[in-house]
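Trainee: Sequence and predicted structure, then a few things I'm wondering about:
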Amino acid sequence: MPTLVTGCRGRVGSALVPLLLRAGHSVRAASRAPERLSGPAAALPVGVPVVACDLGDPATFAAALAGVDSVFLYAEPSGIDAFLAAAEAAGVEHIVLLSSSSVLAPDAPDNPIAASHHAVEQALTASPLTTTLLRPGAFATNAHQWSHSVRERGSVDLPHPHSHSSPIDETDLAEAALAVLTEPRLRGGAYHLTGPESLTAAEQVGLLAAATGRPITVNAVSGEAWKESVAAFVPEPIADALLAYMAASEGAPAEVTDEVEKLTGHPARTFAAWAEEHADAFRP
Ligand SMILES: NC(=O)c1ccc[n+]([C@@H]2O[C@H](COP(=O)([O-])OP(=O)(O)OC[C@H]3O[C@@H](n4cnc5c(N)ncnc54)[C@H](OP(=O)(O)O)[C@@H]3O)[C@@H](O)[C@H]2O)c1
(Lines give C-alpha, C1' and ligand atoms only; values in the text may rest on other atoms or scores of the structure.)
Protein backbone atom coordinates (compact mmCIF):
# COMPACT_ATOMS: atom_id res chain seq x y z
CA MET A 1 0.00 0.00 0.00
CA PRO A 2 1.31 3.50 -0.76
CA THR A 3 2.68 6.12 1.59
CA LEU A 4 0.98 9.51 1.32
CA VAL A 5 3.67 12.21 1.32
CA THR A 6 2.14 15.62 2.10
CA GLY A 7 3.82 18.93 1.28
CA CYS A 8 5.54 17.61 -1.85
CA ARG A 9 6.58 21.07 -3.03
CA GLY A 10 8.45 21.42 0.28
CA ARG A 11 12.13 20.66 0.62
CA VAL A 12 11.78 17.50 2.72
CA GLY A 13 8.66 16.06 1.04
CA SER A 14 10.18 16.48 -2.42
CA ALA A 15 13.43 14.80 -1.29
CA LEU A 16 11.57 11.90 0.38
CA VAL A 17 9.49 10.80 -2.64
CA PRO A 18 12.43 9.60 -4.80
CA LEU A 19 14.02 7.87 -1.78
CA LEU A 20 10.83 5.85 -1.13
CA LEU A 21 10.56 4.94 -4.82
CA ARG A 22 14.22 3.87 -5.01
CA ALA A 23 13.69 1.66 -1.95
CA GLY A 24 10.82 -0.07 -3.77
CA HIS A 25 7.87 1.52 -1.94
CA SER A 26 4.82 2.95 -3.61
CA VAL A 27 4.07 6.63 -3.06
CA ARG A 28 1.19 9.06 -3.47
CA ALA A 29 2.49 12.62 -3.65
CA ALA A 30 0.24 15.29 -2.13
CA SER A 31 0.33 19.05 -2.34
CA ARG A 32 -1.97 22.01 -2.01
CA ALA A 33 -1.11 22.60 -5.68
CA PRO A 34 -0.80 19.10 -7.24
CA GLU A 35 -0.83 20.55 -10.77
CA ARG A 36 2.59 22.04 -10.00
CA LEU A 37 4.01 18.56 -9.23
CA SER A 38 3.79 17.41 -12.85
CA GLY A 39 5.62 18.64 -15.93
CA PRO A 40 9.23 19.34 -16.81
CA ALA A 41 9.84 21.91 -14.03
CA ALA A 42 8.52 19.62 -11.27
CA ALA A 43 10.96 18.16 -8.77
CA LEU A 44 9.21 14.76 -8.61
CA PRO A 45 10.06 11.71 -10.70
CA VAL A 46 7.80 11.22 -13.74
CA GLY A 47 4.81 8.94 -13.17
CA VAL A 48 4.33 9.41 -9.42
CA PRO A 49 0.58 9.59 -8.66
CA VAL A 50 -0.32 13.03 -7.33
CA VAL A 51 -3.31 14.18 -5.28
CA ALA A 52 -4.60 17.43 -3.79
CA CYS A 53 -4.24 17.67 -0.01
CA ASP A 54 -4.48 20.93 1.89
CA LEU A 55 -4.01 20.12 5.58
CA GLY A 56 -6.25 23.07 6.41
CA ASP A 57 -9.11 21.80 4.18
CA PRO A 58 -10.82 18.59 5.39
CA ALA A 59 -12.68 18.28 2.06
CA THR A 60 -9.38 17.12 0.52
CA PHE A 61 -8.61 14.38 3.09
CA ALA A 62 -10.71 11.34 2.12
CA ALA A 63 -9.48 11.09 -1.48
CA ALA A 64 -5.86 11.70 -0.46
CA LEU A 65 -5.97 9.02 2.25
CA ALA A 66 -7.99 6.28 0.49
CA GLY A 67 -5.91 3.10 0.34
CA VAL A 68 -2.73 4.41 2.00
CA ASP A 69 -1.18 2.75 5.05
CA SER A 70 1.28 5.44 6.14
CA VAL A 71 1.61 9.22 5.95
CA PHE A 72 4.47 11.71 5.99
CA LEU A 73 2.83 14.76 7.52
CA TYR A 74 3.66 18.46 7.65
CA ALA A 75 2.61 20.21 10.89
CA GLU A 76 -0.54 22.22 10.10
CA PRO A 77 -2.76 22.41 13.20
CA SER A 78 -5.93 23.93 11.70
CA GLY A 79 -7.31 20.65 10.30
CA ILE A 80 -5.42 18.09 12.35
CA ASP A 81 -8.36 16.54 14.24
CA ALA A 82 -10.31 16.03 11.00
CA PHE A 83 -7.18 14.68 9.32
CA LEU A 84 -6.62 12.09 12.06
CA ALA A 85 -10.28 11.03 11.98
CA ALA A 86 -10.07 10.61 8.18
CA ALA A 87 -6.77 8.69 8.49
CA GLU A 88 -8.29 6.31 11.03
CA ALA A 89 -11.37 5.79 8.85
CA ALA A 90 -9.11 5.05 5.85
CA GLY A 91 -7.19 2.38 7.80
CA VAL A 92 -3.89 4.28 8.04
CA GLU A 93 -1.50 2.55 10.47
CA HIS A 94 1.41 4.96 10.88
CA ILE A 95 1.98 8.72 10.68
CA VAL A 96 5.42 10.34 10.62
CA LEU A 97 5.32 14.02 11.56
CA LEU A 98 7.84 16.61 10.38
CA SER A 99 7.89 18.46 13.69
CA SER A 100 10.58 20.72 15.17
CA SER A 101 13.05 20.65 18.04
CA SER A 102 11.44 23.93 19.12
CA VAL A 103 8.79 21.78 20.87
CA LEU A 104 11.45 20.78 23.41
CA ALA A 105 11.53 24.32 24.87
CA PRO A 106 9.49 24.83 28.07
CA ASP A 107 7.50 27.66 26.46
CA ALA A 108 6.58 25.57 23.37
CA PRO A 109 2.76 25.90 23.66
CA ASP A 110 3.02 29.71 23.61
CA ASN A 111 6.06 30.21 21.38
CA PRO A 112 5.02 31.36 17.85
CA ILE A 113 7.66 29.11 16.22
CA ALA A 114 6.89 26.00 18.31
CA ALA A 115 3.13 26.28 18.92
CA SER A 116 1.87 24.75 15.65
CA HIS A 117 4.23 21.78 15.97
CA HIS A 118 3.35 21.36 19.63
CA ALA A 119 -0.40 21.37 18.87
CA VAL A 120 -0.05 18.78 16.09
CA GLU A 121 2.19 16.57 18.27
CA GLN A 122 -0.42 16.70 21.05
CA ALA A 123 -3.20 15.68 18.64
CA LEU A 124 -1.13 12.81 17.22
CA THR A 125 -0.13 11.54 20.64
CA ALA A 126 -3.78 11.52 21.75
CA SER A 127 -4.88 9.53 18.66
CA PRO A 128 -4.89 5.72 18.50
CA LEU A 129 -2.61 5.76 15.40
CA THR A 130 1.07 4.84 15.67
CA THR A 131 2.96 8.11 15.37
CA THR A 132 6.64 8.91 14.94
CA LEU A 133 7.91 12.42 15.63
CA LEU A 134 10.88 13.85 13.71
CA ARG A 135 12.12 16.91 15.59
CA PRO A 136 14.81 18.65 13.53
CA GLY A 137 16.65 21.78 14.54
CA ALA A 138 17.57 24.47 12.00
CA PHE A 139 17.78 23.33 8.37
CA ALA A 140 21.02 23.89 6.39
CA THR A 141 18.80 25.01 3.55
CA ASN A 142 17.81 28.12 5.57
CA ALA A 143 21.11 29.53 4.25
CA HIS A 144 19.27 30.19 0.99
CA GLN A 145 17.82 33.26 2.77
CA TRP A 146 21.30 34.81 2.26
CA SER A 147 21.77 33.82 -1.39
CA HIS A 148 20.31 36.99 -2.93
CA SER A 149 22.47 39.41 -0.93
CA VAL A 150 25.57 37.22 -1.39
CA ARG A 151 25.03 37.13 -5.16
CA GLU A 152 24.17 40.83 -5.45
CA ARG A 153 26.43 42.44 -2.84
CA GLY A 154 28.88 39.82 -1.61
CA SER A 155 27.64 40.41 1.94
CA VAL A 156 25.12 39.19 4.53
CA ASP A 157 23.34 41.25 7.22
CA LEU A 158 23.13 39.36 10.52
CA PRO A 159 21.47 40.62 13.73
CA HIS A 160 23.33 38.02 15.82
CA PRO A 161 26.43 36.84 13.90
CA HIS A 162 27.57 34.63 16.79
CA SER A 163 24.26 32.83 17.34
CA HIS A 164 24.67 29.08 17.10
CA SER A 165 22.73 26.29 15.40
CA SER A 166 23.60 22.75 14.32
CA PRO A 167 22.22 22.85 10.77
CA ILE A 168 20.80 19.62 9.37
CA ASP A 169 20.97 18.75 5.68
CA GLU A 170 17.47 18.21 4.19
CA THR A 171 18.74 14.99 2.55
CA ASP A 172 19.55 13.57 6.00
CA LEU A 173 16.09 14.55 7.15
CA ALA A 174 14.48 12.83 4.16
CA GLU A 175 16.64 9.73 4.76
CA ALA A 176 15.61 9.71 8.44
CA ALA A 177 11.96 9.89 7.33
CA LEU A 178 12.56 6.99 4.92
CA ALA A 179 14.03 4.92 7.78
CA VAL A 180 11.15 5.44 10.20
CA LEU A 181 8.55 4.89 7.45
CA THR A 182 10.09 1.62 6.25
CA GLU A 183 11.74 0.04 9.31
CA PRO A 184 9.07 -1.19 11.78
CA ARG A 185 11.43 -1.28 14.80
CA LEU A 186 11.96 2.52 14.51
CA ARG A 187 8.24 3.35 14.61
CA GLY A 188 6.67 5.20 17.48
CA GLY A 189 9.75 7.12 18.64
CA ALA A 190 10.54 10.83 18.92
CA TYR A 191 13.84 11.80 17.30
CA HIS A 192 15.75 15.04 17.88
CA LEU A 193 17.68 15.43 14.61
CA THR A 194 20.62 17.79 14.14
CA GLY A 195 23.63 18.29 11.92
CA PRO A 196 27.05 17.05 13.10
CA GLU A 197 28.37 20.29 14.63
CA SER A 198 27.34 23.58 16.19
CA LEU A 199 28.22 26.58 14.01
CA THR A 200 27.67 30.30 14.40
CA ALA A 201 25.84 32.13 11.63
CA ALA A 202 29.12 33.88 10.75
CA GLU A 203 30.89 30.51 10.54
CA GLN A 204 28.21 29.26 8.12
CA VAL A 205 28.81 32.35 5.98
CA GLY A 206 32.56 31.61 6.10
CA LEU A 207 31.92 28.06 4.83
CA LEU A 208 29.77 29.45 2.01
CA ALA A 209 32.61 31.82 1.08
CA ALA A 210 35.06 28.89 1.00
CA ALA A 211 32.66 26.84 -1.14
CA THR A 212 32.08 29.65 -3.66
CA GLY A 213 35.72 30.75 -3.70
CA ARG A 214 34.67 34.38 -3.10
CA PRO A 215 34.82 36.52 0.05
CA ILE A 216 31.52 37.30 1.83
CA THR A 217 31.33 40.21 4.27
CA VAL A 218 29.26 39.84 7.45
CA ASN A 219 27.51 43.08 8.49
CA ALA A 220 26.22 43.12 12.06
CA VAL A 221 22.84 44.92 11.98
CA SER A 222 20.28 45.81 14.64
CA GLY A 223 17.33 43.52 15.31
CA GLU A 224 14.97 46.26 14.08
CA ALA A 225 16.87 46.65 10.79
CA TRP A 226 16.79 42.88 10.28
CA LYS A 227 13.06 42.73 11.02
CA GLU A 228 12.42 45.47 8.47
CA SER A 229 14.42 43.60 5.84
CA VAL A 230 12.37 40.40 6.28
CA ALA A 231 8.99 42.06 6.91
CA ALA A 232 7.66 41.18 3.44
CA PHE A 233 7.87 37.42 4.07
CA VAL A 234 8.22 36.84 7.87
CA PRO A 235 5.21 37.81 10.05
CA GLU A 236 6.18 40.07 12.95
CA PRO A 237 5.49 37.61 15.83
CA ILE A 238 7.65 34.99 14.08
CA ALA A 239 10.41 37.55 13.41
CA ASP A 240 10.34 38.53 17.09
CA ALA A 241 10.53 34.88 18.16
CA LEU A 242 13.42 34.24 15.74
CA LEU A 243 15.29 37.27 17.08
CA ALA A 244 14.76 36.08 20.67
CA TYR A 245 16.01 32.62 19.67
CA MET A 246 19.12 34.07 17.98
CA ALA A 247 19.82 36.32 20.99
CA ALA A 248 19.56 33.36 23.38
CA SER A 249 21.91 31.24 21.27
CA GLU A 250 24.52 34.01 20.83
CA GLY A 251 27.82 32.43 21.90
CA ALA A 252 26.00 29.32 23.19
CA PRO A 253 26.78 26.14 21.20
CA ALA A 254 23.68 24.30 20.00
CA GLU A 255 22.92 20.72 20.97
CA VAL A 256 24.27 18.05 18.62
CA THR A 257 22.67 14.59 18.61
CA ASP A 258 23.59 11.31 16.89
CA GLU A 259 19.99 10.51 15.93
CA VAL A 260 20.62 10.99 12.17
CA GLU A 261 23.31 8.31 12.32
CA LYS A 262 21.07 6.02 14.41
CA LEU A 263 18.31 6.25 11.81
CA THR A 264 20.30 6.37 8.56
CA GLY A 265 23.43 4.38 9.43
CA HIS A 266 25.80 7.20 8.43
CA PRO A 267 27.01 10.38 10.17
CA ALA A 268 25.02 13.54 9.52
CA ARG A 269 26.23 15.53 6.51
CA THR A 270 28.28 18.65 7.32
CA PHE A 271 27.28 22.21 6.48
CA ALA A 272 30.56 22.48 4.52
CA ALA A 273 29.34 19.66 2.25
CA TRP A 274 25.92 21.36 1.89
CA ALA A 275 27.69 24.61 0.94
CA GLU A 276 29.79 22.82 -1.72
CA GLU A 277 26.69 21.18 -3.16
CA HIS A 278 24.72 24.45 -3.32
CA ALA A 279 27.57 26.87 -4.07
CA ASP A 280 26.14 27.89 -7.45
CA ALA A 281 23.14 29.51 -5.75
CA PHE A 282 25.57 31.90 -4.01
CA ARG A 283 27.64 32.86 -7.08
CA PRO A 284 26.86 36.04 -9.04
N1 LIG B 1 13.44 25.62 8.32
C2 LIG B 1 13.83 25.18 9.51
O3 LIG B 1 14.92 25.51 10.02
C4 LIG B 1 12.94 24.23 10.27
C5 LIG B 1 13.42 23.67 11.45
C6 LIG B 1 12.59 22.78 12.14
C7 LIG B 1 11.32 22.47 11.65
N8 LIG B 1 10.91 23.06 10.50
C9 LIG B 1 9.56 22.73 9.99
O10 LIG B 1 9.66 21.97 8.80
C11 LIG B 1 8.55 22.27 7.96
C12 LIG B 1 9.06 22.66 6.58
O13 LIG B 1 9.76 23.85 6.71
P14 LIG B 1 10.55 24.49 5.51
O15 LIG B 1 11.05 25.78 6.02
O16 LIG B 1 11.50 23.50 4.98
O17 LIG B 1 9.41 24.77 4.47
P18 LIG B 1 9.29 24.34 2.95
O19 LIG B 1 10.32 23.44 2.49
O20 LIG B 1 9.09 25.59 2.23
O21 LIG B 1 7.99 23.47 3.00
C22 LIG B 1 6.78 24.02 3.22
C23 LIG B 1 5.76 23.02 2.60
O24 LIG B 1 4.80 22.73 3.58
C25 LIG B 1 3.63 22.34 2.90
N26 LIG B 1 2.48 22.94 3.53
C27 LIG B 1 2.39 24.14 4.14
N28 LIG B 1 1.11 24.36 4.53
C29 LIG B 1 0.41 23.27 4.14
C30 LIG B 1 -0.94 22.91 4.22
N31 LIG B 1 -1.88 23.72 4.75
N32 LIG B 1 -1.30 21.72 3.70
C33 LIG B 1 -0.41 20.90 3.10
N34 LIG B 1 0.89 21.19 3.00
C35 LIG B 1 1.28 22.36 3.51
C36 LIG B 1 3.70 22.92 1.50
O37 LIG B 1 3.64 21.93 0.53
P38 LIG B 1 2.80 22.19 -0.82
O39 LIG B 1 3.19 23.55 -1.28
O40 LIG B 1 3.23 21.10 -1.72
O41 LIG B 1 1.36 22.11 -0.43
C42 LIG B 1 5.02 23.66 1.49
O43 LIG B 1 5.69 23.53 0.27
C44 LIG B 1 7.75 23.37 8.67
O45 LIG B 1 6.72 22.80 9.43
C46 LIG B 1 8.79 23.98 9.58
O47 LIG B 1 8.21 24.63 10.68
C48 LIG B 1 11.69 23.92 9.78
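Mentor: Ah, there it is.

Trainee: for stretch 4-15, the distance to its chain's centre please.
Mentor: Relative to the centre of its chain, stretch 4-15 is centred 10 Å away, using Cα atoms, centre = their mean, to the nearest Å.

Trainee: In contact with His278: list those residues for me.
Mentor: His278 is in contact with Thr141, Ala143, His144, Ala211, counting by Cβ atoms under 8 Å, 6 or more residues apart in numbering. Glycine gets a C-beta too; all of them are placed from N, C-alpha and C.

Trainee: Show the model's pLDDT score for it.
Mentor: We have a pLDDT of 97 for His278.

Trainee: Same check on Ala43?
Mentor: Predicted confidence (pLDDT) at Ala43: the value is 72.

Trainee: Can you tell me how far it is from Leu37?
Mentor: Per Cβ to Cβ, to the nearest Å, Ala43 is found 8 Å from Leu37.

Trainee: Mutual contacts of the two, please.
Mentor: Arg9.

Trainee: interface residues of this protein facing the ligand?
Mentor: Neighbours of the ligand within the chain, by Cβ under 6 Å from any ligand atom: 6-11, 31-33, 53-56, 74-76, 98, 100, 136, 138-139, 142.

Trainee: mind listing the helices in this structure by residue range?
Mentor: 11-22, 61-65, 80-90, 115-126, 147-153, 170-182, 201-212, 223-230, 236-248, 259-264, 271-277 (DSSP state H).

Trainee: between Ala43 and Leu37, which one's more packed in?
Mentor: Leu37 (21 against 16; other Cβ atoms under 10 Å).

Trainee: Give me the nearest residue to that one, chain neighbours excluded.
Mentor: The shortest distance from Leu37 to any non-neighbouring residue, by Cβ to Cβ, 6 or more residues apart in numbering, is to Val50 (4.6 Å).

Trainee: residues contacting the one you found?
Mentor: Val50 neighbours (Cβ under 8 Å, 6+ apart): Cys8, Arg28, Ala29, Ala30, Ser31, Pro34, Leu37, Ser38, Leu44.

Trainee: Near the second one, how many other residues are there?
Mentor: This points to Arg28. Arg28, neighbours per other Cβ under 10 Å, totals 23.

Trainee: Also the third one?
Mentor: Applying other Cβ under 10 Å, we find 29 other residues in the vicinity of Ala29.

Trainee: now do the last one
Mentor: Residues within reach of Leu44, counting by other Cβ under 10 Å, total 22.

Trainee: Pull the contacting residues for it.
Mentor: Cys8, Ser14, Val17, Pro18, Ala29, Leu37, Ser38, Val50.

Trainee: what pLDDT does the closest residue to the ligand within the chain get?
Mentor: At 2.7 Å from the ligand, Gly10 is the closest residue in the chain, using Cβ to the nearest ligand atom. Here, the pLDDT recorded for Gly10 equals 92.

Trainee: Please report how far Pro284 lies from Glu277.
Mentor: Taking Cβ to Cβ, one finds Pro284 at 19 Å from Glu277.

Trainee: Mind checking which of these two has more residues around it?
Mentor: More crowded of Pro284 and Glu277, by other Cβ under 10 Å: Glu277, with 14 against 9.

Trainee: how far away is the more buried one from Leu104?
Mentor: Distance from Glu277 to Leu104, counting by Cβ to Cβ: 29 Å.

Trainee: How many residues are close by the residue of the chain closest to the ligand?
Mentor: Gly10: 16 neighbours (other Cβ under 10 Å).

Trainee: go on, Gln145?
Mentor: Gln145: 12 surrounding residues under other Cβ under 10 Å.

Trainee: do the one 5 residues further on as well
Mentor: The local packing of Val150 (other Cβ under 10 Å) involves 22 other residues.

Trainee: Surely it touches Ile216?
Mentor: Yes: the pair Val150 / Ile216 is scored as a contact, 5.6 Å apart, by Cβ atoms under 8 Å.
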